[in-house]
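*Asks:* Any chance you can model this:
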Amino acid sequence: MASTGTRQVTVDGHRLSLTNLDKVLYPESGTTKREVIEYYTHIAPAMIPHILDRAATRKRWPNGVESDPFFEKNLAASAPAWLERRALEHSDRSVHYPILNSVAALAWAGQQAALEIHVPQWRFDGSRRGPATRIVFDLDPGPGVGLPECAEVARAVRDLVAELGWTAFPVTSGSKGIHLYVPLDRKLEGSGASTVAKQVATGLEKLMPDLVTATMAKAVRAGKVFVDWSQNNPSKTTIAPYSLRGRPQPLVAAPRSWDELDDPELRQLSFTEVLERWETDGDLLADLDPPWENDATLADYRRKRDPSRTPEPMPDKVKPGAGNSFVIQEHHARRLHYDLRLEREGVLVSWAVPKNVPTSTGENRLAVHTEDHPLEYLTFSGTIPKGEYGGGTMTIWDTGTYDVEKWRDDEVIVQLHGEQVEGRFALIRTKGDQWLMHLMKDQSTGESTSAELPRDLSPMLATPGTLDGLDPDEWAFEGKWDGIRVIAEIGGGELRLRSRAGNDKTRDYLGLGWLADALADHDVVLDGEVVAFDRHGITSFGLLQQGNDPHFLAFDVLYLDGVSLLRKKYTDRRRVLEALAAKVDDLVVPPQLHGTAEEALEESGRRGWEGVVAKRRESVYLPGKRGSSWIKVKNWRTQEAVIGGWRRGQGGRSRGIGSILLGIPQDGGLRYVGRVGTGFTQRDLEELASTLGPLETETSPFVDDLPTADRKGAVWVEPTLVGEVRFMEWTGAGRLRHPSWRGLREDKRPADVVDES
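*Replies:* The predicted structure is shown next:
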């Protein structure tokens with residue numbers, strides 16, 4: 001595109017003229033106006049909550065950052081009529097401010113080369129200025145100090161406002177210092193916020209006189225950090241979170257974690273880094289301001305598309321619809337596939353189906369769950385430019401209405417009524433965004449009464465989560481046990497135990513041979529846990545590893561005497577299991593926990609259990625799959641990790657292993673999550689040294705660089721062994737805080753290890 005050309009685009013249903021898109025605004029980096037507009041439209045879902053309904057002052061560089069900028073408050077007469085605005089009376093005039101509440105408004109700001117967007121700490125209340133919703137502290141380093149000193153002061157401010165019951169959120173300003181935002185839980189009218197901020201700043205100056213000044217005069221700032229409290233005055237503004245800066249490089253006012261502020265090499269971040277962080281970690285300021293409700297459900301859709309490049313619809317609001325329309329689009333992208341979209345709660349829930357919907361009941365077809373699409377996509381057809389997300393030609397293959405039979409997070413059953421498709425379809429989640437689509441028979445056929453005893457079933461897996469809001473009428477609560485998960489197959493008087501990894505564990509637990517005799521009259525497949533008990537009757541993984549007597553706890557039945565129970569709902573399987581236990585001596589089925597979810601978790605803690613597993617009462621059993629119909633919550637945190645190396649110890653451990661270096665599989669290697677040096681017995685250390693010795697290698701298996709202290713003197717090993725640690729929490733850098741060794745997990749493979757945070 002020529003730099004002088006004009007391009008007409010539609011964003012949020014609004015027409016925009018974009019000009020000079022190839023004009024370089026940041027000569028050092030070569031960043032163009034096009035990239036500025038792309039940044040603001042992509043970061044909009046994260047940025048808008050923090051500028052919503054706030055008067056926007058723009059600092060513009062139409063000729064790039066090497067030229068002189070100018071501030072602009074009042075909207076020019078040429079501003080588009082659709083742009084939201086509010087009038088504010090100043091002492092000498094009435095100023096009409098733009099309100100940047102939409103993606104289109106941010107795209108307009110980018111077109112204006114408004115690299116910096118400044119907003120006050122208050123929002124409009126209708127047409128009037130409302131009270132402050134937050135306080136900001138601008139930590140400005142004087143000569144001789146920098147970001148590390150600003151970080152030290154930031155922690156002190158954080159601790160002071162914590163005494164008032166408030167939380168502070170750090171933002172590296174994109175210039176020299178750090179901004180600290182504090183959401184208010186009370187109304188502070190007029191200059192109230194400024195008064196409170198000044199009291200905090202002057203109090204800090206007294207506590208840290210050698211490092212902090214609260215005085216405006218620049219003459220006293222050498223070697224100190226100026227805690228600027230004045231930006232809380234109703235007439236003042238601050239650079240908005242996620243705004244670009246008019247610096248030589250395209251830096252951003254970037255939200256940070258407190259753990260990052262501990263890094264002595266803390267630096268400002270560029271717009272590309274901020275976009276990547278937001279896509280990975282979300283908005284670190286999510287608790288500062290209310291979410292942008294108009295667009296939250298379409299955030300993924302927006303971040304993947306550039307409205308200046310694609311004809312796809314980009315509405316700014318989720319619009320209610322009839323609720324039961326569907327469309328199947330034929331999509332000639334890099335590979336031909338079909339997109340199934342079902343209207344639900346104002347958006348189109350979407351799956352990419354490579355081979356189109358199944359045409360017979362004897363087949364399952366892959367369906368990949370994709371981001372929700374706007375309702376306008378029901379009628380969209382056109383060509384998405386090559387190089388853009390989903391580039392290729394899209395046409396409507398079929399459309400119609402549908403009826404819902406079931407809609408769960410991991411299972412959807414619908415009846416489609418289209419011109420080409422008519423039938424009852426099930427979509428079943430298997431792993432992550434991978435689903436299977438199946439054409440079902442019109443009538444329920446029930447379970448076969450002559451099914452053979454299934455072999456080599458993998459256990460269904462629970463998803464780490466929270467019990468918040470789970471209705472006990474819809475969910476059942478069981479204990480979570482500190483042992484080894486197994487599937488027990490009993491047929492023809494013989495017992496076979498298989499671990500989650502598919503390994504035969506029968507000989508490892510010969511003490512459970514009695515199960516074959518007790519269940520000799522039945523062919524049965526049970527899901528359960530092999531455990532060992534301590535003297536208080538609490539399960540202990542460590543004791544099981546040390547060879548204490550194994551016990552079997554049964555918590556599900558998958559097959560009984562010719563009948564497969566996999567497609568039966570949980571409550572039916574539970575009744576069958578309890579009836580079986582009532583007839584079989586010594587078959588232990590742990591009792592359910594009754595009451596609310598919170599009461600169940602409290603009861604598990606009192607009993608010393610590892611945690612709680614919540615199971616949806618209507619859920620079917622999905623072998624080997626992890627779905628949201630089973631949720632696990634632990635009373636303490638544990639994490640499985642792959643061993644990637646070790647470091648020599650000190651003192652009494654100077655001749656052997658001092659700590660183990662751990663990682664989680666990522667990008668064909670390991671992502672480093674920290675080292676563990678406590679929790680080992682002498683026997684553990686000796687066995688680990690013997691096991692790791694033959695695995696030594698010269699190459700690090702970690703995809704990222706380890707901290708110098710952890711890398712120094714490290715011995716790398718082939719990443720084939722899995723261990724488990726107990727720890728306090730995850731740090732902001734993705735490290736385990738205060739981990740303690742629990743033991744090797746011989747029942748797990750490296751591929752089984754996932755980040756359970």
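*Asks:* wouldn't Ala501 be in contact with Val753 here?
*Replies:* No - with contact defined as Cβ atoms under 8 Å, Ala501 does not reach Val753; the gap is 11.1 Å. In short, each C-beta sits where N, CA and C put it, glycine included.
*Asks:* Between the two, point out the one with more neighbours.
*Replies:* Val753 (22 against 16; other Cβ atoms under 10 Å).
*Asks:* Might you report the residue contacts of the nearest residue to the more buried one once chain neighbours are set aside?
*Replies:* Spatially, and ignoring its direct neighbours in sequence, Val753 is nearest to Glu640 (4.9 Å; Cβ to Cβ, 6 or more residues apart in numbering). Glu640 makes contact with 722-724, 745, 748, 752-754, 756, according to Cβ atoms under 8 Å, 6 or more residues apart in numbering.
*Asks:* Of those, grab the buried ones for PyMOL.
*Replies:* Here is the PyMOL command that picks out the buried ones among those, judged by 16 or more other Cβ atoms under 10 Å:
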select buried, resi 722+723+724+745+748+753
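*Asks:* So which of the contacts of Glu640 are in strands?
*Replies:* Among the contacts of Glu640, the ones falling in strands (DSSP state E) are 722-724.
*Asks:* Using a markdown table, lay out those together with pLDDT and distance to Gly608.
*Replies:* Output for the ones in strands among the contacts of Glu640, formatted as a markdown table (pLDDT from 0 to 100; distance: Cβ to Cβ, whole Å):
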| residue | pLDDT | distance to Gly608 |
| --- | --- | --- |
| Val722 | 95 | 25 |
| Gly723 | 94 | 23 |
| Glu724 | 92 | 18 |
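*Asks:* and which of those is nearest Gly605?
*Replies:* Each of the ones in strands among the contacts of Glu640 was checked against Gly605 using Cβ to Cβ; the closest is Glu724, at 20.1 Å.
*Asks:* what does stretch 743-757 contact?
*Replies:* Applying Cβ under 8 Å, 6+ apart, the set of residues contacting stretch 743-757 is 464, 484-485, 499-501, 503, 505, 541-542, 545, 638-642, 664-665, 684, 688, 691, 719-724, 730.
*Asks:* avg pLDDT for it?
*Replies:* Per-residue pLDDT over stretch 743-757 has a mean of 87.
*Asks:* try stretch 206-216
*Replies:* 92.
*Asks:* For it, output the C-alpha coordinates as PDB.
*Replies:* Listed next in PDB are the C-alpha coordinates belonging to stretch 206-216 (Å, rounded to 0.1, in the frame of the first residue of the first chain):
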ATOM      1  CA  LYS A 206       9.500  10.300  56.700                       C
ATOM      2  CA  LEU A 207      10.000   6.500  56.700                       C
ATOM      3  CA  MET A 208      12.600   6.500  53.900                       C
ATOM      4  CA  PRO A 209      14.200  10.000  53.900                       C
ATOM      5  CA  ASP A 210      17.300   8.800  52.100                       C
ATOM      6  CA  LEU A 211      15.400   7.400  49.100                       C
ATOM      7  CA  VAL A 212      12.000   9.100  48.900                       C
ATOM      8  CA  THR A 213      10.800  12.700  48.400                       C
ATOM      9  CA  ALA A 214       7.300  13.900  48.100                       C
ATOM     10  CA  THR A 215       8.400  17.400  47.200                       C
ATOM     11  CA  MET A 216       7.700  18.800  43.700                       C
END
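*Asks:* Next, the buried residues of that stretch.
*Replies:* Residues of stretch 206-216 classed as buried: 208, 211-214 (neighbour count, 16+ other Cβ under 10 Å).
*Asks:* Of those residues, which belong to strands?
*Replies:* Assigned to strands by DSSP E, the following of these qualify: 212-213.
*Asks:* Distance to Glu260 added to the buried residues of stretch 206-216, as a markdown table?
*Replies:* Shown next, in a markdown table, are the buried residues of stretch 206-216 (distance: Cβ to Cβ, whole Å):
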| residue | distance to Glu260 |
| --- | --- |
| Met208 | 22 |
| Leu211 | 20 |
| Val212 | 21 |
| Thr213 | 25 |
| Ala214 | 25 |
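*Asks:* who touches the top strand by length along the chain?
*Replies:* Using DSSP E to define each element, the chain has its longest strand at strand 392-407. Here strand 392-407 makes contact (Cβ under 8 Å, 6+ apart) with 322, 324-334, 338-339, 342, 344, 356, 378-384, 386, 412-421, 424.
*Asks:* what's the offset of that strand from the middle of its chain?
*Replies:* 28 Å (Cα atoms, centre = their mean, to the nearest Å).
*Asks:* after it comes which helix or strand?
*Replies:* strand 411-418 (DSSP states H and E).
*Asks:* Just the angle for that next one relative to strand 392-407, thanks.
*Replies:* Here the directions of strand 411-418 and strand 392-407 differ by 120 degrees (axes from the mean of the first three to the mean of the last three Cα atoms, to 10 degrees).
*Asks:* mind listing what strand 411-418 pairs with, with the direction of each?
*Replies:* Strand 411-418 has its sheet partners listed here by DSSP bridges as strand 392-407 (antiparallel), strand 422-431 (antiparallel).
*Asks:* what's the farthest-apart pair in the buried residues of stretch 206-216?
*Replies:* Of all the pairs that the buried residues of stretch 206-216 form, the one spanning the most space (Cβ to Cβ) is Leu211 and Ala214, at 11.8 Å.
*Asks:* Any stretches of the stretch 101-250 of the chain with poor pLDDT?
*Replies:* For the stretch 101-250 of the chain, the stretches with pLDDT under 70 are 190.
*Asks:* which residues of it fall in strands?
*Replies:* Assigned by DSSP state E, counting those that start in this stretch, the strands in the stretch 101-250 of the chain fall at 116-119, 122-125, 128-141, 169-172, 178-188, 212-213, 225-228, 238-239.
*Asks:* ditto for the stretch 651-757 of the chain
*Replies:* 657-666, 669-676, 696-697, 715-717, 722-727, 729-730, 736-737, 740-744.
*Asks:* Just the CA trace of stretch 421-432, in PDB.
*Replies:* In PDB, the C-alpha atoms belonging to stretch 421-432 read as follows (Å, rounded to 0.1, in the frame of the first residue of the first chain):
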ATOM      1  CA  VAL A 421     -28.200 -31.500   7.400                       C
ATOM      2  CA  GLU A 422     -30.900 -33.000   9.500                       C
ATOM      3  CA  GLY A 423     -30.000 -35.100  12.500                       C
ATOM      4  CA  ARG A 424     -29.100 -35.600  16.100                       C
ATOM      5  CA  PHE A 425     -25.400 -34.800  16.800                       C
ATOM      6  CA  ALA A 426     -23.200 -35.200  19.800                       C
ATOM      7  CA  LEU A 427     -20.000 -33.100  20.300                       C
ATOM      8  CA  ILE A 428     -17.800 -34.600  23.000                       C
ATOM      9  CA  ARG A 429     -14.600 -32.900  24.300                       C
ATOM     10  CA  THR A 430     -11.600 -35.200  24.500                       C
ATOM     11  CA  LYS A 431      -8.600 -33.000  25.300                       C
ATOM     12  CA  GLY A 432      -8.100 -29.300  25.300                       C
END
